[in-house]
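Asks: Sequence plus the predicted model coming up.
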Amino acid sequence: APVTTPDPSNCGSSTDLADGVKDLDCCPPSTNNVKPFLKPRVRKAAQSLDKEYIEKYKEAVALMKALPDDDPRSFKQQAGVHCAYCTGGYDQLGLPVELQVHFSWLFFPFHRFYLYFHERILGSLIKDPDFALPFWNYDAPQGMEIPKIFTDKSSSLYDAFRDGRHQPPTLVELDYNDVEPTISREKIIQSNLSVMYRQVVSGARTPLLFFGQPYRSGSNPSPGMGTVENIPHNSIHLWTGDPNQSNRIDMGTFFSAARDPIFYAHHANVDRFWSIWKSLGEKRQDIKDKDFLNASFVFYDENGEAVRVYVKDCLDTRALGYVYDDTVPIPWLKTPP
Ligand code: C2O
């Protein structure tokens, strides 16, 4: 067993003294209160948050929305960052080739970093460095509706441009394809669990199946998406957006999706699937190709400063300071379709 650090409430005078030294007491102040060195922020399921957390989250988003539009930390600019990265707002550095962060292996790392900075900005606005985003737990029966925190019209987490037919208690359909289901609630739940098993477990046995196709400097955008990016990621966007608006804004189209606060909870769950997938073992490991690991993005941090980040730095959520609540059941891990 390893050497264990001492009990800092129990230090006595030194016994191992050099010649001629007597009665040496070098004890630091005694304490019983020892903190962990690295304490990750814990992202929790949106349906099980306590009142205090909900108030904090609402306040953080309200403060973000209240920042001047030209502040890179503002909600408007946050949504704009997502828009710029997926509608041809940027070219690849030094190349006249459009950059696109969807439909390729950049999908997971881009959105992981994107949420990371969003979370850090929210935390800094409420002066709570431990603040963690919630995740929309639509892969489990208890989370298969729009979480209540997002449906309160008076809240900063509300967005008017959502599908009116899909408000609670309507269940989400993870492979939604613009057709309303006619099957029972039990059948929808079963089908959702099967979809999860297929997209994360049986259908994603190799890295490229899960992450999506290689996308390298100079190559054309959108070489092909991974299983989860397609379903449930894209289908949840479609299911949530407002079909009475053109382009199904907000969630139903890339340029406006991140204007809806639920976007970040949706993507936290997608990001969680990356962690779960890796825990399944065998070939389910991060891509080792250098063109994946060294791909980079620029985001604005909680000080409003631009930071260049590399994919290789986001593979371990603990290195980014957060984990997902692992007490939340994952009922689809063993539900073969
Ligand atoms: Cu960048 Cu869910 O999309």
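Replies: Thanks, I have it. Numbering: from 1, shown residues only.

Asks: okay, CA-based contacts and neighbour counts for the rest of this
Replies: Noted.

Asks: all helices of the stretch 151-300 of the chain, in order?
Replies: 185-196, 207-211, 227-228, 235-240, 254-257, 262-279, 290-293 (DSSP state H, counting those that start in this stretch).

Asks: before we move on, what about the stretch 1-150 of the chain?
Replies: Using DSSP H, counting those that start in this stretch, helices in the stretch 1-150 of the chain cover 51-66, 75-86, 107-125.

Asks: Check the offset of stretch 61-81 from the chain's centre.
Replies: 19 Å (C-alpha atoms, centre = their mean, to the nearest Å).

Asks: For it, buried residues please.
Replies: 61-65, 67, 72-81 (16 or more other C-alpha atoms under 10 Å).

Asks: For the helices of the stretch 151-300 of the chain, could you give me a markdown table that also reports distance to P331?
Replies: Below are these laid out as a markdown table (distance: least, C-alpha to C-alpha, whole Å):
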| stretch | distance to P331 |
| --- | --- |
| helix 185-196 | 7 |
| helix 207-211 | 20 |
| helix 227-228 | 17 |
| helix 235-240 | 19 |
| helix 254-257 | 28 |
| helix 262-279 | 12 |
| helix 290-293 | 31 |
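
Asks: among those, which is nearest G123?
Replies: helix 262-279 (14.2 Å; C-alpha to C-alpha).

Asks: avg pLDDT for that closest one?
Replies: Averaging pLDDT along helix 262-279 gives 98.

Asks: Output the contacting helices and strands for that helix.
Replies: helix 107-125 (3 or more C-alpha pairs under 8 Å, 6 or more residues apart in numbering; DSSP states H and E).

Asks: coming back round to it: ok, so of the buried residues of stretch 61-81, who is nearest N192?
Replies: Of the buried residues of stretch 61-81, the one sitting nearest to N192 (C-alpha to C-alpha) turns out to be A79, at 28.7 Å.

Asks: measure the closest one to P72 for me?
Replies: 10 Å (C-alpha to C-alpha, to the nearest Å).

Asks: Look at V323 and tell me its secondary structure.
Replies: strand (DSSP: H, G, I helix; E, B strand; the rest coil).

Asks: Show me what it is bridged to.
Replies: On the basis of DSSP bridges, V323 is bridged to V42.

Asks: Tell me, what's the model's pLDDT at it?
Replies: For V323, pLDDT reads 98.

Asks: centroid residue for the chain?
Replies: A268 (2.7 Å; C-alpha atoms, centre = their mean).

Asks: Could you check how far that residue is from F292?
Replies: 21 Å.

Asks: now Y90
Replies: 19 Å.

Asks: contacting residues for the closest residue to A132 other than its chain neighbours?
Replies: Once flanking residues are discounted, A132 sits nearest to R43: 5.2 Å by C-alpha to C-alpha, 6 or more residues apart in numbering. Residues in contact with R43, defined by C-alpha atoms under 8 Å, 6 or more residues apart in numbering, are 132-135, 322-325.

Asks: go with 10 Å
Replies: Applying C-alpha atoms under 10 Å, 6 or more residues apart in numbering, we find R43 in contact with 131-135, 265, 268-269, 272, 322-326.

Asks: closest to F150 among these?
Replies: Nearest to F150 among those, with distances taken as C-alpha to C-alpha, is A265, at 9.8 Å.

Asks: for the spatially closest residue to that closest one that is not a sequence neighbour, which residues make a bridge with it?
Replies: Counting by C-alpha to C-alpha, 6+ apart, F135 is the residue found nearest to A265 once chain neighbours are left out, at 4.4 Å. Beta bridges link F135 to A45, judged by DSSP bridges.
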